[in-house]
Each structure stands twice: as C-alpha cells, then as structure tokens.
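# coords please:
(2 chains)
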Number of protein chains: 2
Amino acid sequence: MSHAPIDILKQRHTAIRRSLAEQHLDALVVTAPANILYLTNFTGSSAIVILTADRVEFITDFRYVTSIRDMQRAWPELMLTIVEGAYDATLVERLGGLSLTRIGIEAAHLTVSRHHWIEAALAARPGTMSAPVSLIATEGIVERARVRKDDYEIATLREAARRLSTVATKVLADVRVGMSEGELALAIDWRIRNGGFSRSAFETIVASGPNGALPHARPGERRLVEGDLVVLDFGGVYASYCVDLTRTVSIGPPTARAREVYGAVLEAHDRAIAAVRPGASRLDIDQAARDTLGRYGLGEAFGHGTGHGLGIDVHEDPRITRRRPDIDTRDEAVEAGMVFTIEPGAYLADWGGVRIEDDVLVTADGVEVLTNVTTELMEI
Amino acid sequence: MSHAPIDILKQRHTAIRRSLAEQHLDALVVTAPANILYLTNFTGSSAIVILTADRVEFITDFRYVTSIRDMQRAWPELMLTIVEGAYDATLVERLGGLSLTRIGIEAAHLTVSRHHWIEAALAARPGTMSAPVSLIATEGIVERARVRKDDYEIATLREAARRLSTVATKVLADVRVGMSEGELALAIDWRIRNGGFSRSAFETIVASGPNGALPHARPGERRLVEGDLVVLDFGGVYASYCVDLTRTVSIGPPTARAREVYGAVLEAHDRAIAAVRPGASRLDIDQAARDTLGRYGLGEAFGHGTGHGLGIDVHEDPRITRRRPDIDTRDEAVEAGMVFTIEPGAYLADWGGVRIEDDVLVTADGVEVLTNVTTELMEI
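Numbering: from 1, shown residues only, chains lettered A, B, ... in the order given. Have a look, this model is predicted:
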C-alpha cells in the first residue's frame, strides 16, 4: 500500500473523470500497475480498476483481499470484486453490469491478446443486443495527470530525496581503491535498503575507468584503480516513489583532463537547473546543458537526454530532451509540481565518463533541488 | 549478456522457424525481453528481433552497441540496426526491406498502441501497393519452445539451484528471535547477491506468525517471537535464469499443531515430487499434493497452485495447478527437460502458514530435485 489520503485520491479521480468527459467516455479500464497505484494506493502485482463517472471498481484476487479490506475501511465506496477464474472474464462481467457504451482502455499498456479477448467477450455477452459496447483506445489519460505532483507526492519525493542524499553521502565514504564494481554496487544497494527504501529503483550503475564511457554499463569484476573516474548512479523506491542520483568520483588525484571534463559537466548541470522555472520549455532546459557541453567541445560526448520525470515510475514525463522535430515535436513547458532529474554527462570512448545528477521540483516561481550532496569532484 | 553457445541459439531458431512455417508466417517480430534473451543472449532493456526463415535481425540503440558488437564477433550473420529515432519506426523500415507478407507479432506482449502504430506505418509505406503486408497475432511461439530446457539451460539451472541451496543453508543459520521480518529479508537479499546471483528473482517473503497466513505477505516490522512459524520464500537470478526456494522454520519449540501442519505440507511436497515423471499430467502432480493436504483436513487451507515453471522468467509454463475445467482445460503432460517448483502450503487465518518449496527437473525417466536443503522442521 501507498498512503495517499483518501481526499487526495478523490482529487485524482476528479481529474481523470474530467478527461473521460472530454473524450465522451463512460469509463476507463485501468490496467497499468503504476496507474492503479496512483488511483487507489494499491501496490500488489495484479488488479484492474474500472473508473466511471460515479464509481471506482476494484478487481483483484484472494492474495490481496486483506489489504483491500483495510483500504475499504477508510474508503467504503470502493467496490471490490474478487477474481475466481480469470481476471479479464471478471472484468467483462463487471463491465456488463454497468450499462456503459464507450469504454476507454489504456492502449499503451493493454496487450493485443487481452484487447482481442475482452472485445470478443463483450460482444458475446448474452442480452447485450440493444446496447453495443465499444472499447476505445486511449493514450496516457492517467499518465498526464501524474506529471504534476500533488502535495502528498511532493512531500513523499522530498523525503525520498533527503534519504537518498544521506545514502549518497555514506556511499561516497564507502568507495575504496581495489574494490570491484560489483562489490561497490552491492554496498550501494545495501545502503539504499538500510536507508528506508523498499528497493533500488533500477540496477545500480558503477562504471569505472574506461567503462564510464558506456552510460548504461553494468557493474562487473573490474577493480577500481588509481586514476579512474567512477560513475555511481543509483536510486531508491520510498513509499512507492522513485528518486535517482549520480555522482562521479576520482580514485586518487584527477588528471587535468578529468578536471576539465568534470568542470564542463558540472557547469552544464548547474545551467540546466538554473533554466528550470514554470513556463520554461523542457527542450530549452536540455539545450542549456547541451550548449554548455558544446562550448567545451563535448557536445558529441553527451549522447542522452538531460533528464526524465520521477514519480511512481523511475522514468516518466516530462522528458528533458533535445529538440528532435523528426521524432518528438511537442515543445511543452514544465509546470509547478513537476519533478525530474537533471543529469548531463560526457562519455569519451576508451577514456571514461562523467555524469552528475540531481532531482528537482518546479516550484511556483523557480526550482527546488530536492537532492543535497556535494557536487565537488571527490578524490578517494 | 547470457552465454548460451551460438549452436544452441541456432537450435532455438530452428525450433521457432518450424512453428513459423506451420503457421505460414514469413517472420516473427519478437518484442518480449525474455524471448529476445532466449534467441540472442541479449539482456539489455530495449531491443526488437526479427526472425525470418533465413535471418536474424537485431534492432537496438546506441547504449547497447558495444555488447552487440561483441556478440557479432562470435555470430557474424547477426544483422544489426541501430535505432536513431523511434524503435517502431526503425522496425517498420527494416520490415519494409525484407519483402514479407505475413508477419507474426507477439500478441501477449505487444501493446494495442504499438500494434496500431506499426500496422498504420506499414500500410503507409511508399511503394508497397503491390505487396500487402499483414500483421498476424501469434500466441506463445517462443514461450512454447522455452518450456523444455536445452542442455545449456539445464546446466545453468542446476548451478543456480546449487547456489541457492548454499544461500538457503546460510539463511537458516541467520534467523534469530527478535529480528524484524524486514531485517531478515534484507539479510536474505544480501546472501543472494553474495551467492553470485545478479539479483533476487522476486521480492523476498518473510512471513512470521499470523502473517504466514498470507501467501504473498510483504516483510514488515513485526519481530520474530517464540512460537512463530516463519515462511522464508526467496529466489535469485543467476546467468539470467531464475530459481526459487521456500522453507518454514519454528522460533523455539513448535507446538503440536505446528508439527502436524508442517508434516502434512511436507508429505504433500514429497508426494507431488514422487508424481513427477515424463508423461505425468501437470494437473495430477498438483492433485497429489492437494489430496494429501485434503486427507489432513487442510484442503481448504491450500489456496494456490502446487508449482510454476522456472527459466528466464520466474513464473512460466508449465503451471502445476488444480483441475479447473472452467478456466483451464489443457491437461498437458510434463516432459523431460521441464523445470518447475513444487511448493504446497497450508494457510490458516489468525494462526499462520507453512510452505515448503523445491525446484525439480523432469528427467528421461523421472525427476531430479535441483535444490538441496533440509526439509526437517528447523527449530531456531
């Protein structure tokens, strides 16, 4: 269970119902686990939610009955159906009882198999000749609501970032010459769990020396040696919300080139954060980082976007990415309540890499950096 | 990367091509990560594979170029395309170059959104008026091949089970009265990682005292006290393959009732394993456990199936479940090479639970139990 108060959940339902009304939908069948959690606090692995103009129906199996009964005590209107056979059969049965005609499905999550099955089963229901039901593919209705965080989410992310900063400070003190990447990754995961996180938010990255040139390197058996830069990228899930942080450290004194690349990435990081305010284009925030690295001749060395939204998913909207009109033309402004990473980097083949990442909240008049760990180049 | 030898990968492709020919398909677009891993050893998070009668095309992005180049050294025929914009746009472009007419998609994995987009983009390709392309929804083509493990997989699962048994023996020695469930779960996850596993295969279960009555309880703050039975259920991913094990221990001397329930579950476990041999129905293996528990008046207390297949996924076919003609009529026999869990349990509300789980391989003439940990009721 997540712990958003019931009145916050109801605000979320109201926002979704507004979208349903705009799209002339009688209901939304919610199948994405992150969206179900957002609407109900449920953190189990199997459930379906039907949201209509006046009800929330919850479908799950015997494994989760106890937790749903707890939920119902605070929220008696929640309608619960226990699956006896197959989930989608129960879904069709419940939909049949609600006299709906236009039912939205989450096209980005529902599989082709399930969609076919549900469509066929709805058509085959007895006694439905008079009211044809259609499934309407919808895109991102709940996800769009999730982009701007509400007060409960902001408080949770702030606390999560505070805890991750404490973890990071301890992690920086754990690094020793001679450790393998895998050993250090395990020590980081242990710190994360001991820091009150239910789990790491993604596979921890420890990329040392030349391995640092791969932005998504997996920690291996390579041991940290004098002269390495080491990229440490890790995150945790706290009360169902994800935070994410990267620091790059030097084993022994950094070379002049290491200082130079580090300085450029740090300046890109700082300028991108300085560009964050309500109304700023997400593409301009990325551009602030990209232009800075370009001035140091590191434009080509920065192969990924500047940041990504954080929330129930570790990668969600907004995407703080470069202008690429061929694949993504939406030049949206960021708004107060959005939480995302700022994580420029520079990756140089056969040399290594630097990345510095913090988590920021767009406030009413600017930006709040949620994570708080030194950004000076630490020498181990 | 997983490490199946290239000739094993080619055997797997041959099996899939046989299914494609039977279904008159010119190609299969593989989008499920576990299926991609099975066909190519690739363990990254983003890729698409196109398998045709005479080629394997691999689509991924810059993050994984280095690992694919390594793969190509051993397997030069592998065709690599790097995504510059969006994955599905690159997919459509590649499909367009291959003069295919009937293209299978994995309906249980592809989302409605992606299916619509790919279908529309294929139809809109210039110069394709003469050769209409159709996407055919397929079900479980690669999954069916994965059910019977090949020699590489059996060797990997055997080693994984050996390592998990070592972990389990250490875990049993870690249990102390007064620890919280969460602390013990963290200690178990640490043992798993130190045992050579890349990660836990699922969220570790430590369910003590009355919490043991919930088969999927999450470890919480409850501390182990004298008189508790404690269900410990954990697994690990070793070289991309999952193994899974459960033991139940007693804190202090078990009550007479605890001994009785434990004895019944152990007998159910032993009888189910004794029922495993090539040609045995998966439903009969379940029945062997269920009948035993029924004889002890615990039939109602066993609310889940007896087991599930293990492999790249921690839950795959075969499902060792009860006969339920209303939802699942397939009475398939298990075959040599299948690997699955045997995990009967008994769950009694307000009292607690017992579960005992091992991993078994169906051999040419019977069964090999891959895990090896005492099944006596341990008293801590």
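
# for the nearest residue to residue A:60 once chain neighbours are set aside, what are phi and psi?
Using C-beta to C-beta, 6 or more residues apart in numbering or on different chains and skipping residues adjacent in sequence, the residue nearest residue A:60 is residue A:47, 4.4 Å away. Backbone N, C-alpha and C define where each C-beta goes, glycine included. Backbone dihedrals for residue A:47, given as degrees, to the nearest 10, come out at phi -170, psi 160.

# what number of residues lie near residue A:47?
Counted with other C-beta atoms under 10 Å in any protein chain shown, residues neighbouring residue A:47 total 21.

# got it, and residue A:152?
By the measure other C-beta under 10 Å, the count of residues near residue A:152 is 19.

# got it, and residue A:99?
If you count neighbours by other C-beta under 10 Å, residue A:99 ends up with 10.

# ok, it to residue A:81 distance?
Distance from residue A:99 to residue A:81, counting by C-beta to C-beta, to the nearest Å: 17 Å.

# go on, residue A:275?
On the measure of C-beta to C-beta, residue A:275 and residue A:81 end up 48 Å apart.

# looking at those two, which has the bigger crowd around it?
Here residue A:275 and residue A:81 are set side by side on neighbour count (other C-beta under 10 Å), and the busier one is residue A:275, at 21 against 16.

# surely that one meets residue A:285?
Yes. Judged on C-beta atoms under 8 Å, residue A:275 makes contact with residue A:285 at a distance of 4.8 Å.

# okay, residue A:228: pLDDT?
Residue A:228 is assigned a predicted lDDT (pLDDT) of 97.

# before we move on, back to that, local confidence estimate at the residue nearest to residue A:60?
The pLDDT attached to residue A:47 in the predicted structure is 96.

# and the gap between it and residue A:92?
When C-beta to C-beta is the yardstick, residue A:47 and residue A:92 sit 16 Å from each other.

# what segments of the stretch 201-350 of chain A are helices?
Along the stretch 201-350 of chain A, counting by DSSP state H, counting those that start in this stretch, helices occupy A:256-274, A:282-295.

# how about the longest one: buried residues?
Counting neighbours by 16 or more other C-beta atoms under 10 Å in any protein chain shown, one finds that the buried residues in helix A:256-274 are A:258, A:260-262, A:264-273.

# and stretch A:226-241, by the same measure?
Residues of stretch A:226-241 classed as buried: A:228-241 (neighbour count, 16+ other C-beta under 10 Å).

# got CSV for these, with distance to chain B too?
Supplementary listing: the buried residues of stretch A:226-241 in CSV, determined by distance: C-beta to the nearest C-beta, whole Å:
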residue, distance to chain B
A:228, 18
A:229, 18
A:230, 18
A:231, 14
A:232, 17
A:233, 13
A:234, 14
A:235, 15
A:236, 13
A:237, 11
A:238, 14
A:239, 13
A:240, 12
A:241, 17
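
# please identify the helix or strand for the closest residue to residue A:136 other than its chain neighbours.
Excluding its sequence neighbours, the residue lying closest to residue A:136 (C-beta to C-beta, 6+ apart) is residue A:104, at 5.1 Å. Of the helices and strands defined by DSSP states H and E, residue A:104 is found in strand A:102-106.

# repeat that for residue A:7.
Per DSSP H and E: residue A:7 is located in helix A:6-22.

# what's the angle from that helix to strand A:102-106?
Between the axes of helix A:6-22 and strand A:102-106, defined by axes from the mean of the first three to the mean of the last three C-alpha atoms, to 10 degrees, the angle is 120 degrees.

# ok, the following helix or strand past helix A:6-22 near chain B or not?
Using DSSP H and E, the helix or strand that follows helix A:6-22 in sequence is strand A:27-30. No. For a cut-off given as C-beta under 8 Å from any C-beta of the partner chain, strand A:27-30 has no contacts with chain B; the smallest distance is 11.7 Å.

# who touches stretch A:283-302?
Applying C-beta atoms under 8 Å, 6 or more residues apart in numbering or on different chains, the contact partners of stretch A:283-302 are A:260-261, A:264-265, A:267-269, A:271-272, A:274-276, A:305-307, A:320-323, A:331, A:334, A:342, A:344-348.

# now it: buried residues?
Buried positions in stretch A:283-302, judged by neighbour count with 16+ other C-beta under 10 Å: A:283-290, A:292-294, A:296, A:298, A:301-302.

# repeat that for stretch A:309-324.
Within stretch A:309-324, the residues that qualify as buried are A:309, A:310, A:311, A:312, A:313, A:314, A:316, A:317, A:318, A:319, A:320, A:321, counting by 16+ other C-beta under 10 Å.

# from the chain's centroid, how far away is that stretch?
A distance of 7 Å separates the C-alpha centroid of stretch A:309-324 from that of its chain, computed with C-alpha atoms, centre = their mean, to the nearest Å.

# wait, does that stretch contact chain B?
Yes. For stretch A:309-324, a contact with chain B is found by C-beta under 8 Å from any C-beta, at residue A:324.

# report all helices and strands that the helix or strand bottoming out on mean pLDDT in chain A contacts.
When the helices and strands of chain A are scored by mean pLDDT, DSSP states H and E, helix A:65-74 comes last with a mean of 82. Counting contacts by 3 or more C-beta pairs under 8 Å, 6 or more residues apart in numbering or on different chains; DSSP states H and E, the secondary-structure elements packed against helix A:65-74 are strand A:79-82.

# pairing partners for the strand it packs on, with directions?
Using DSSP bridges, the neighbouring strands of strand A:79-82 in the sheet come out as strand A:56-60 (parallel).

# now the partner strand: mean pLDDT?
Per-residue scores along strand A:56-60 average to 95.

# which residue, other than its chain neighbours, is closest to the residue in the stretch 151-300 of chain A that chain B sits nearest to?
Checking the stretch 151-300 of chain A residue by residue against chain B with C-beta to the nearest C-beta singles out residue A:216 as nearest, at 4.7 Å. The shortest distance from residue A:216 to any non-neighbouring residue, by C-beta to C-beta, 6+ apart, is to residue B:63 (4.7 Å).

# cool, thanks, signing off.
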